[in-house]
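Enquirer: From the sequence below, what's the structure:
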Amino acid sequence: MLFQDSLGAPSAISVSALSLYLKELLDTNDILQNIWVHGEVSNCKTYPSGHCYFTLKEGEAQLSCVFFKQARLRTAAPSLRDGMALAVNGRIAFYERDGKLQFYVNAVMSLGEGALFRKFEQLKARLEAEGLFDSERKRPLPEQPATIGIVTSLQAAALRDMLRTLRNRYPLAQVILAPAQVQGAEAPASIAMALDLLNEHGEAEVIIVGRGGGSIEELWAFNEEIVARAIARSRIPVISGVGHETDFTIADFVADFRASTPTAAAAAAVPDITDWQIELQEKQQLLTALIIERIEDCNVQVAQALRELQRVSPEGTIAQRRQQLDECTERLQTYMRHIISLRVERLRGVSLQLHSLSPLLTIARGYAVVRQQRDHAVVTSTQQVQVGDTLTIQVQDGQIAAQVRDSVEKI
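Expert: Numbers count the residues shown, from 1 in each chain. Just a heads-up that it's a prediction; the model follows:
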């Protein structure tokens, strides 16, 4: 609605005025104040307040709907979820703050499941029958992957969240990014190609397939068979982190591990280095305590061993025996001196006795000692000599050689 000034130039009205005009226009339309609309539920969210917000879609058209808690309780409406086919009764109004049309629901009637939901259930049942969801085929995730592959959009906020989580939890890991479209008609083939490329590259030890939350249509690429098949044939374990905690896709069922969000997927892919640091500190403290305890035990054992060694040490015995040896040596020396003294005295006596019996004394008195020269035998009888024997006659001052010439006669 335009107004012209006196010069004919148009003048604009304010946004508030236009919003009020649209609101009044819709509120005064009897048809739009009580109308039934049918479509498929998407992006359904129920808040703690009890109010339910969802989008009703059909083809390319969509209508934002609000189902307040009072209306839900009054009509005993069923719990709404994505994929339901509904007929909703209510009124159209203009929500001025957001500048958009909203359908305020008074009552709902379930028409069964929507086309997308039926497609989802049909593919899920077929793949499950083939065994693609079996727990036996799911592989364990590596505990300490050196390289992590990520399949997502380069522009996705989820990529920044995953990289930040990986960097904070496990900065040792390298990341290989395989960019892919995660929304739209070309997204399924793009995701499958990125998975195949990471498998062909071969360095990644685990792959994260993820994107942030959205409506069922926005997440639909992860419900396509081509993506499910790519995950199933991957030689590398796959973590699915698509949407929010309440969102489930076919990729979640086929993947080796389902995470509630992309951030949770990154956390599941790697250990938390903080836990290692805490565990390392605890083990270090335990090891220190064990070492101190061991040293104390060793000190006690050494002290006991020293006491036992001192008790059995031969040092005391050696000292005692050394003293005994000194005493024995002294006694032996005294005894030997005594024995020698006695022997000297006895020798002196024997010498005197021998001297008194010595033939030299007899010789000194004028006698002589006659000996055979051949054997120095003392001649005391004529029977001991014969004519021609050589004799030695010992006198006081020397010896005289003699020879027997005449016959020997007895006296």
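Enquirer: SS state for the residue lying closest to Ser215 once chain neighbours are set aside?
Expert: Spatial nearest neighbour of Ser215, excluding adjacent residues (Cβ to Cβ, 6 or more residues apart in numbering): Asn43 at 3.6 Å. Where C-beta positions appear, they are placed from N, C-alpha and C, glycine not excepted. What DSSP: H, G, I helix; E, B strand; the rest coil gives for Asn43 is strand.
Enquirer: what's the burial count for Asn43?
Expert: 18 (other Cβ atoms under 10 Å).
Enquirer: ok, which stretches of the protein are helices?
Expert: Using DSSP state H, the helices of the chain run over 15-27, 69-75, 115-129, 157-169, 187-201, 225-233, 250-254, 262-269, 273-312, 315-357, 359-364.
Enquirer: okay, those in a markdown table with mean neighbour count next?
Expert: Listed next are the helices of the chain as a markdown table, based on neighbours: other Cβ atoms under 10 Å:
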| stretch | mean neighbour count |
| --- | --- |
| helix 15-27 | 13 |
| helix 69-75 | 14 |
| helix 115-129 | 14 |
| helix 157-169 | 18 |
| helix 187-201 | 19 |
| helix 225-233 | 19 |
| helix 250-254 | 22 |
| helix 262-269 | 24 |
| helix 273-312 | 10 |
| helix 315-357 | 10 |
| helix 359-364 | 12 |
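Enquirer: For Gln372, find the nearest of these.
Expert: Of all these, helix 359-364 sits nearest to Gln372, with 15.7 Å by Cβ to Cβ.
Enquirer: So which elements touch the closest one?
Expert: Counting contacts by 3 or more Cβ pairs under 8 Å, 6 or more residues apart in numbering; DSSP states H and E, helix 359-364 is packed against strand 369-372.
Enquirer: Which other helices and strands does the strand it packs on contact?
Expert: On a contact count with 3+ Cβ pairs under 8 Å, 6+ apart, strand 369-372 meets helix 359-364, strand 390-395.
Enquirer: rank the helices of the chain by mean pLDDT and give me the bottom one.
Expert: Comparing mean pLDDT across those, the weakest is helix 359-364, with a mean of 71.
Enquirer: Any idea how far that helix is from the middle of the chain?
Expert: 116 Å (Cα atoms, centre = their mean, to the nearest Å).
Enquirer: So the residue nearest to Ser215 versus Ala71, what's the distance?
Expert: Distance from Asn43 to Ala71, counting by Cβ to Cβ, to the nearest Å: 19 Å.
Enquirer: Please apply the same query to Gly316.
Expert: 106 Å.
Enquirer: Lys100 too?
Expert: Counting by Cβ to Cβ - Lys100 and Ala71 are separated by 20 Å.
Enquirer: Looking at Gly114 now. What's its pLDDT?
Expert: Reported pLDDT for Gly114: 68.
Enquirer: before we move on, what about Gly241?
Expert: pLDDT at Gly241 comes out at 91.
Enquirer: can you tell me which strand in the chain is longest?
Expert: Longest strand in the chain, counting residues (DSSP state E): strand 100-113.
Enquirer: mind listing what it pairs with, with the direction of each?
Expert: Paired strands of strand 100-113, with direction, are strand 61-67 (parallel), strand 84-95 (antiparallel) (DSSP bridges).
Enquirer: need the ones you listed in a markdown table with distance to Thr390 and mean pLDDT, can you?
Expert: Shown next, in a markdown table, are the strands paired with strand 100-113 (distance: least, Cβ to Cβ, whole Å; pLDDT from 0 to 100):
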| stretch | distance to Thr390 | mean pLDDT |
| --- | --- | --- |
| strand 61-67 | 169 | 92 |
| strand 84-95 | 165 | 87 |
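Enquirer: Please identify the most buried of the ones you listed.
Expert: Across those, averaging neighbours per residue (mean count of other Cβ atoms under 10 Å) puts strand 84-95 on top, at a mean of 19.
Enquirer: Give me the angle between that one and helix 115-129.
Expert: 140 degrees (axes from the mean of the first three to the mean of the last three Cα atoms, to 10 degrees).
Enquirer: Go ahead and flag the most central residue of the protein.
Expert: What sits nearest the mean C-alpha location of the chain, by Cα atoms, centre = their mean, is Trp276, with 7.4 Å.
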